[in-house]
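**Q** coordinates only, sequence not included:
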């Protein structure tokens, strides 16, 4: 009568800080890791038989145990090492390791004091199977704004349309970007370069809409970075409405805005290498 | 060189309260709505041509404009009406309307005063295309606990396994359930009945693991509710660790626990009618 | 040149679940506890001398160690027991114990399964000194709404006033109430009764403003509950703006509203026994 | 029988973005403002008489109306201008204006594109009365860490103490700092300088405890900045526990840590000029 459909399980929100002590000068790695496994787990569901269930507590322990030896480079590499480990269990078909990295900056030139004052974060999803490993790095929660070169006009009007056309609006968004590499690469260098492209093109282009921005930014990322197969950009439109100062007899030439979060536009698109 | 892949756009976090005034006695509907459209929008991305882009501001206006006449029954029905409306635009292939409803209870027998004191909420995703409409109702953030009839034992042990077997643990989870109806139904009645099944079976069954719980609860929902095609249950394992009072010479026979949220297990599975 | 001013320290967000096993039928206590101490701690600041610093880790341990024997009644009583314990250290002048309790309801008549589906919570601040103990119980995050009997008119108008007078508005707020008892009392019974008064009077009264509502609700609490010395009510005004449907030629007679959280009014007042 | 005690009211979460267009190059001001008034408002509470109640909607309008002409310098100055305005109403005795400013950085050298990627924010509370104005600027949510020069030892031990002494622990905290100026000053310059002192001294000092850190950082702020009368520092102790890798036979010499947020220490102290 009933059967088990898609399923996965794992451990989320595994928080890990590693202090790398290269002599008196330290470096900080600050990660939040999530593990999910897919595979031959039907008996755990249907029969309550745990003999093939890698405990999520063991997953967590593995992350901490591996951090000493294996967290030496990019989060993409650490994710791949963890994935391989979980695939050592025969019943595991796919291991999906998601890692967020939070940046700490040195305070001045202090060897052992740091500030974490960045709202955005670097992300990576590494999906490992027996014959493949796929890297989906990204950037989360990067809030940006254009106070010029942003329009929205020429859209269809029906009886419920009240928004006027504008050739100069303020556009703000909190970018989430996830891309795919064709294979392994120099992950740290690539990440820096893609982040720079994203910001630079966002700043320079003339936007006709958030959709248009997604295309232009996404196309630049694919065009300029041959290691990138495709990129998915998610951009909420964090509306900034021009404050109506006319009741007070005051001018407001695109100067005073009310930022809002509810409701917000939400636009998502993928740009792929052809 | 580059092409547009999957894309969608719309308006999220549209908040709406409707006061239904049936004489002196009022009723409250409190919804958060999100609209997403898919269709022929490639030119908006690639050419900055907005001539087919239904403005997300228009979507928001449509929700408010329709609420008076069309928000009279279940959120599933309101979602379907909204979907049909957006499909009137030829370029729209699919409209995905997501609605969360927040319950308000009457204070005593007051005709016009209410309390909103429920942490969980009713949800519905209605996906409309020209030849179909699909209903995916659900419940979000329903926190439940079993202080008995919950075990976790017999899982594999490797060098990183430290968790002991237990035949009596405290299991707590915040359930997110989403199911699919085979067609239209009496949505309100069905929702109430499925919620009852979920809670009742959660309470009564003997759990060998969260996976096992998902199967048993999911199977009961499919078995007892012929309108349900399948159900997807997502259950974080919100660990409650037995506090170690042995350093203080105190007993702790499954009595004093430390609830934690970081890290947590995360188990998801779909149960389908065969 | 510099001196130490007011200071306090302690442990916050101590989460504790106690399963009370009265035979096969269980009960759940779910608390979040915060401890703060004031006293003779100047040397810890100025000299880095920890010899009088009760470790916050010890505070946490004490909460768990005491929960078995001492968490048998109201949170006010548990707070007082903890306060007395910390005062055993001579350097402690005052112990402020804050406890939030989260309610779990039995699922049906299950002996060992529970649902936590309440957004509001019971609170208590117990301040213990050598010669006194003060109880400040309360309710946090109780969201309520009046769809009738709520006005706001007759306020002063200046060149920046655009809000029209209204004799029938929707008023919604998330109540935080904290009161003081003259001494010890039957805490559980008193709490239930005061909560009922708050809801009942909120529902029944004719409100001229949130300020007015605070007075009427606060006065009723003080008048009807002789154990209450004073009550402080904090009520954000969670504005619900009437949606403007006139561009669509649609009526909207106090029916369709847009709830907002930014900005919100914030009104606070204390009502005292004379 | 009952009387009104302390009370205040106002508008919170007023969000405001100002685009300053100095030719083609823009600057962004991004503020969240809260207004609270105290004064002769008893009749609003006790009689429902709104004739002296400045509407919170008017407060909001005033913020937007004033932003054009008056938001040209530091948030402290804008707060003072707003305070004076509200004091023009005779019944207002004190106006408390709280402003948070969120920093936007130019993307590269773009004249009209910005990134908001800072987790901390600048704050100011300006309290205006007829004969005085008090400035309490600050920094909120500045997360910092010491991976060296941090100890905690020599604290008293009782039967519930399990924490070992340590002369080298990882200390992390999210600083909230609020200080008072003796009068007006060059607010922007002073803020920059105090922030630098805070970070520099946090980095350099040898900490015996969070209390000790508060004293050393606070004293430096008061000593080095003659315009500062006193500073209140609130520092949660965001524990990073050394991961126990001994079950796996792995070393962990202060390298792999588990950051936690529940529970956390919470230490607060004021340092004053003598």
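**A** Structure's in. What do you need? Just so it is clear, the structure is predicted and the values come from calculations on it, not from any experiment.
**Q** how about the helices in chain A?
**A** Remark: helices assigned in chain A by DSSP state H are A:42-47, A:56-70, A:75-87, A:187-204, A:210-224.
**Q** which other residues reach the longest one?
**A** When you say that, I think you mean helix A:187-204. With contact meaning C-beta atoms under 8 Å, 6 or more residues apart in numbering or on different chains, helix A:187-204 is reached by A:73-77, A:122, A:124, A:135, A:137, A:139, A:142, A:144, A:146, A:149, A:175, A:177, A:179, A:181, A:213, A:216-217, A:220-221, A:224-225, A:227-228, D:107-108, D:110, D:112-113, D:115. The C-beta positions use only the backbone N, C-alpha and C, and glycine is treated the same way.
**Q** With the third one instead?
**A** With C-beta under 8 Å, 6+ apart as the contact definition, helix A:75-87 has outside contacts at A:31, A:33, A:35, A:37, A:54, A:59, A:62-63, A:66-67, A:70-71, A:92, A:95-99, A:101, A:122, A:124-130, A:133, A:135, A:137, A:184, A:187.
**Q** Run a quick neighbour tally on residue A:208.
**A** Using other C-beta atoms under 10 Å in any protein chain shown, residue A:208 is surrounded by 23 other residues.
**Q** Name the nearest residue to it, ignoring sequence neighbours.
**A** Residue nearest to residue A:208 in three dimensions, not counting chain neighbours: residue B:48, with 3.1 Å by C-beta to C-beta, 6 or more residues apart in numbering or on different chains.
**Q** give the contact list for that neighbour.
**A** Applying C-beta under 8 Å, 6+ apart, the residues contacting residue B:48 are A:207-209, A:212.
**Q** Ranking by neighbours, what's the top pick from those?
**A** Neighbour counts for the contacts of residue B:48, by other C-beta under 10 Å, peak at residue A:209, which reaches 27 neighbours.
**Q** Next, find the distance separating the closest residue in space to residue A:30 that isn't next to it in sequence from residue B:8.
**A** Setting aside the residues directly before and after it, residue A:30 is nearest to residue A:102 in space (C-beta to C-beta, 6+ apart), at 4.3 Å. Distance, residue A:102 to residue B:8, using C-beta to C-beta, to the nearest Å: 30 Å.
**Q** Next one: residue A:254 relative to chain D, how far apart?
**A** Using C-beta to the nearest C-beta, to the nearest Å, we find residue A:254 at a distance of 6 Å from chain D.
**Q** are any of the contacts of helix A:75-87 buried, and which?
**A** By neighbour count, with 16 or more other C-beta atoms under 10 Å in any protein chain shown, the contacts of helix A:75-87 hold A:31, A:33, A:35, A:37, A:54, A:59, A:62-63, A:66-67, A:70-71, A:92, A:95-99, A:101, A:122, A:124-129, A:133, A:135, A:137, A:187 as buried.
**Q** Out of the contacts of helix A:187-204, which end up buried?
**A** Buried subset of these (neighbour count, 16+ other C-beta under 10 Å): A:74-77, A:122, A:124, A:135, A:137, A:139, A:142, A:144, A:146, A:149, A:175, A:177, A:179, A:181, A:213, A:216-217, A:220-221, A:225, A:227-228, D:107, D:110, D:112-113, D:115.
**Q** What pairs with the strand of greatest length in chain A, parallel or antiparallel?
**A** Determined from DSSP state E, the single longest strand within chain A is strand A:2-22. Applying DSSP bridges to the sheet, strand A:2-22 is found paired with strand A:25-39 (antiparallel), strand B:264-273 (antiparallel), strand D:256-259 (antiparallel).
**Q** Turn these into JSON lines, including mean pLDDT.
**A** As requested, these are exported to JSON lines (pLDDT from 0 to 100):
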{"stretch": "strand A:25-39", "mean pLDDT": "98"}
{"stretch": "strand B:264-273", "mean pLDDT": "98"}
{"stretch": "strand D:256-259", "mean pLDDT": "98"}
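**Q** In a markdown table, list those strands along with distance to residue D:269.
**A** Output for the strands paired with strand A:2-22, formatted as a markdown table (distance: least, C-beta to C-beta, whole Å):
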| stretch | distance to residue D:269 |
| --- | --- |
| strand A:25-39 | 27 |
| strand B:264-273 | 35 |
| strand D:256-259 | 24 |
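**Q** per-residue confidence at residue A:274?
**A** Looking at residue A:274, its pLDDT is 87.
**Q** How about residue A:128?
**A** Note on residue A:128: pLDDT of 98.
**Q** roughly how far apart are the nearest residue to residue A:74 once chain neighbours are set aside and residue A:99?
**A** Excluding the flanking residues, the one nearest residue A:74 by C-beta to C-beta, 6+ apart is residue A:187, at 3.5 Å. Counting by C-beta to C-beta, the separation of residue A:187 from residue A:99 is 11 Å.
**Q** Pull up the overlap in contacts between these two.
**A** Residues touching both residue A:187 and residue A:99 by C-beta under 8 Å, 6+ apart: A:75, A:124.
**Q** for chain C, what are the nearby residues on the stretch 101-250 of chain A?
**A** Within the stretch 101-250 of chain A, the positions adjacent to chain C are A:159-160, A:162, A:247-248 by C-beta under 8 Å from any C-beta of the partner chain.
**Q** Output those in CSV, with neighbour count, distance to residue C:85 and pLDDT appended to each entry.
**A** Formatted as CSV, those follow (neighbours: other C-beta atoms under 10 Å in any protein chain shown; distance: C-beta to C-beta, whole Å; pLDDT from 0 to 100):
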residue, neighbour count, distance to residue C:85, pLDDT
A:159, 13, 69, 97
A:160, 22, 64, 98
A:162, 14, 63, 98
A:247, 12, 60, 98
A:248, 18, 59, 98
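**Q** need the residues you listed in CSV with distance to chain B, can you?
**A** Listed next are those as CSV, based on distance: C-beta to the nearest C-beta, whole Å:
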residue, distance to chain B
A:159, 8
A:160, 4
A:162, 6
A:247, 22
A:248, 25
